[in-house]
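> With the sequence up front, the predicted model follows.
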Amino acid sequence: MEESTTLNHGVQPLDALLTELGIGNHDLVAASTDQLTHKQVQKARKGRQLSASVQRKVLAALQKAAGGERTFAVSELFTYRG
């Protein structure tokens, strides 16, 4: 039971950022060139533990979906390291 609580990190800053920018889960998946899935994006927003590789995929898709308005870092999107 203890392990399952460490895999959930709560809603991540990514969720608020996507809402602020008006970017939906599908927009990230469509912008991704790294085979990012809707399920991975949903887990990223809700704070389910993701690997560093998936975190980088989300970051790359966000950079592309935001259209170069801003640059982001993994530490801005997630409260934990994958």
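Received the coordinates, thanks.
> Got phi/psi on residue 73?
Dihedral pair for residue 73: phi -120, psi 150, per degrees, to the nearest 10.
> Contact partners for the residue lying closest to residue 6 once chain neighbours are set aside?
With C-beta to C-beta, 6 or more residues apart in numbering as the criterion, residue 6 has its nearest non-adjacent residue at 7.5 Å, and that residue is residue 49. From N, CA and C alone the C-beta is placed, and that goes for glycine too. Residues near residue 49 by C-beta atoms under 8 Å, 6 or more residues apart in numbering: 6, 7, 8, 9, 80, 82.
> Tell me which of these has the lowest pLDDT.
Ranked by pLDDT, those bottom out at residue 6 (78).
> From residue 40, how far out is that residue?
19 Å (C-beta to C-beta, to the nearest Å).
> Have a look at this structure and report the helix or strand with the lowest mean pLDDT.
Sorting the helices and strands of the chain by mean pLDDT, DSSP states H and E puts helix 2-6 at the bottom, at a mean of 58.
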